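*Asks:* following is a predicted model, sequence given first.
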Amino acid sequence: MDKLELLHHIFPKNIQNMLEKAPITYYKLQEVRLRVNEPLIIIYDNKEYLFGKNGQMERQCKFPYIVSATEIKETLEYVSSHSLYAYEDEIRQGFITVQGGHRVGIAGKVVVEEGMIKNVKYISFLNIRISHQVLGCSDGIMPYITKRNEIFHTLIISPPRCGKTTLLRDMIRSISNGFEEFQGATVGVVDERSEIGACFLGEPQNDLGIRTDVLDCCPKAKGMLMLIRSMSPQVIAVDEIGHREDLEAIEYVINCGCKLIATVHGNSIDDIKSKPLLRKLVQERVFERYIVLNNMDHVGNISDIFDSQGNQLYHV
Amino acid sequence: MFKLFGACLLVVGGYFWGESIALKKKKRYQLLLDWWQILMDIEGEIRTMATPLPILLVEIGEKRKCEIGESLVRIGNRIQMREQLSFAEIWEEELKKGNFEVGKDELDRMISVGKNLGFLDKTQQVLFLEQTRKDLKIPMETAFLQWKEAKGFYEKIGILAASMIVVLLL
């Protein structure tokens, strides 16, 4: 079963048929959006398309195919392998990761108990974000984050949907495998949302290199400490830092002599400085390299690379 | 000497005939016991590991080498094949195919489990499975007593019948 075929199987029969017949190339497919009693929409090659009642894929559509509540329910059943209880924690966070590393975002009525999200019921909106591994996308920046077989503490700053996880994934692979000027290092990955390794039954679906250990579905802060104690990594990689406990764990990682590669939501270093929790990291010059992404020309476009003092090392 | 040997053979034969009649009752008890243990396994896996149903059913089915276990393996495999059917439909189809030595009511109760597995949260799943096991305890104990009673009764009948034949023949 190829990747596209595997993806089709999480949809009910009608939608599956439409996606099968549509002229879709897997690597250009970015999102499939299902909203109850609304048209079926896909994001393909950075453009939005709707499906007509006859299954044709169009930019504008007068009589679009309308997604029913039953189809949403069915999709959810397939996505969770008929086992919603197994994805309780993920649902509380608003998404489920499926085989292949695709992230299914969910929205509906949130059940709150004592201020904490307990569950989501009446799930009526699904957003299937297709995971794409872009091998070699970090090749250009590796010389900026390494020096004489040493890795710099690096922070990737990027707005949503600009490819920060894709870049991080490829950086992990390169550091783990090594390249011409770098012989390779043991990398510990804390993959809280299963997006980096896209583990299915414990096996990473994405290539993370030969010296990589993955803690799947583990809270970042706890995972970083676990990895240091158990797997003695030379480099630790985490996605989307920002909570107070993450920052405490980062301090511990750095004091242990491990190198850290992390990503964060933002547009620039100044943006990061404006966030009270992250400001400390910038001011204390914890990170030696900052990579700023945008999606001006294409997703994953590197706009700037800075050092710890804010000197620009690279600019497009 | 030859007559004595023949008589012994007949009595022993009568005993085993009696036991074979009671075998049906034993099968029913064994099936309910397997079912009880499988429910306990499912409950444990959900409680501690939150394993998704397709993997959990195949693992438990393979571990418990029994009739219901075989059905569970088939259910798990069918879900993994991503047939466009609901879990409850696949569960019902496979259990009906099993031809288990249970009454219609018991089979219906087994089928109804499929309607409650999968979509509730972990706590609710565990509570549901606990309750199902509790409900199963009385039928299981009754089936055990029925088997023991039937075993004793038919064994005695077998021995008695064989003894009568021996007397008549002698």
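*Replies:* Okay, I see it.
*Asks:* check which helix or strand covers the spatially most central residue of chain B.
*Replies:* In chain B, the centroid-proximal residue (CA atoms, centre = their mean) is residue B:31; its distance is 0.6 Å. Counting by DSSP states H and E, the element that carries residue B:31 is helix B:2-49.
*Asks:* now residue A:218. Nearest residue, chain neighbours left out?
*Replies:* Spatial nearest neighbour of residue A:218, chain neighbours left out: residue A:190 (5.7 Å); criterion: CB to CB, 6 or more residues apart in numbering or on different chains. In short, each C-beta sits where N, CA and C put it, glycine included.
*Asks:* ignore the last one, residue B:87
*Replies:* Leaving aside its sequence neighbours, residue B:87 sits nearest to residue A:82 (CB to CB, 6+ apart; 3.9 Å).
*Asks:* look up phi and psi at that neighbour.
*Replies:* Dihedral angles of residue A:82 (phi, psi; degrees, to the nearest 10) stand at phi 60, psi 30.
*Asks:* would you mind measuring from it to residue A:122?
*Replies:* Distance, residue A:82 to residue A:122, using CB to CB, to the nearest Å: 19 Å.
*Asks:* higher neighbour count, those two?
*Replies:* residue A:82 (24 against 12; other CB atoms under 10 Å in any protein chain shown).
*Asks:* show the contacting residues for that one.
*Replies:* For residue A:82, the contacting residues are B:52, B:53, B:54, B:79, B:86, B:87, B:117, B:118, B:119, by CB atoms under 8 Å, 6 or more residues apart in numbering or on different chains.
*Asks:* ok, now residue A:275?
*Replies:* Contacts for residue A:275 (CB under 8 Å, 6+ apart) come out as A:242, A:266.
*Asks:* tell me how far it lies from chain B.
*Replies:* From residue A:275 across to chain B, the span is 33 Å (CB to the nearest CB, to the nearest Å).
*Asks:* and chain A, split by domain according to the record?
*Replies:* Domain assignment for chain A, taken from automatic domain parsing, gives A:3-129, A:142-315.
*Asks:* ranges for the strands of the stretch 1-150 of chain A?
*Replies:* Listed from the start of the chain, the stretch 1-150 of chain A has strands (DSSP state E, counting those that start in this stretch) covering A:29-35, A:41-44, A:47-51, A:57-58, A:95-97, A:103-113, A:116-129, A:146-147, A:150-151.
*Asks:* does the residue nearest to the centre of chain B really touch residue B:69, like I thought?
*Replies:* No. Residue B:31 is beyond contact range of residue B:69, at 11.0 Å (criterion: CB atoms under 8 Å).
*Asks:* redo the strands of the stretch 1-150 of chain A as TSV? Include distance to residue A:199.
*Replies:* As requested, the strands of the stretch 1-150 of chain A are exported to TSV (distance: least, CB to CB, whole Å):
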stretch	distance to residue A:199
strand A:29-35	22
strand A:41-44	25
strand A:47-51	31
strand A:57-58	32
strand A:95-97	9
strand A:103-113	13
strand A:116-129	17
strand A:146-147	27
strand A:150-151	24
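*Asks:* out of these, indicate the one that is most buried.
*Replies:* A comparison of the strands of the stretch 1-150 of chain A by mean neighbour count, using mean count of other CB atoms under 10 Å in any protein chain shown, puts strand A:95-97 on top with a mean of 23.
*Asks:* residues touching the residue in the stretch 101-250 of chain A that chain B sits nearest to, list them.
*Replies:* Ranked by CB to the nearest CB, the top residue of the stretch 101-250 of chain A for proximity to chain B is residue A:119, at 6.2 Å. Taking CB under 8 Å, 6+ apart, we find residue A:119 in contact with A:88, A:91, A:92, A:110, A:111, B:121.
*Asks:* from residue A:194, how far out is the second one?
*Replies:* If you measure residue A:91 against residue A:194 using CB to CB, the figure is 14 Å.
*Asks:* near chain A, which residues of chain B? Just list them.
*Replies:* Contact residues (CB under 8 Å from any CB of the partner chain) of chain B with chain A: B:46, B:50-56, B:79-80, B:82, B:84, B:86-87, B:117-122, B:124-125.
*Asks:* which among those end up buried?
*Replies:* B:46, B:50-56, B:79, B:82, B:86-87, B:117-120, B:122, B:125 (16 or more other CB atoms under 10 Å in any protein chain shown).
*Asks:* grab the nearest non-local neighbour of residue A:103.
*Replies:* In space, and not counting its chain neighbours, residue A:103 is closest to residue A:129: 4.6 Å by CB to CB, 6+ apart.
*Asks:* pairing partners for that neighbour in the sheet, please.
*Replies:* Residue A:129 has these beta-bridge partners by DSSP bridges: residue A:31, residue A:103.
*Asks:* right, and it touches residue A:30 too?
*Replies:* Yes. Using CB under 8 Å, residue A:129 is in contact with residue A:30, at 7.1 Å.
*Asks:* so what's residue 146 up against?
*Replies:* In the absence of a named chain, this looks at chain A. Neighbouring residues of residue A:146 by CB under 8 Å, 6+ apart: A:152, A:181, A:182.
*Asks:* hmm, no, I was thinking of chain B.
*Replies:* B:25, B:28, B:29.
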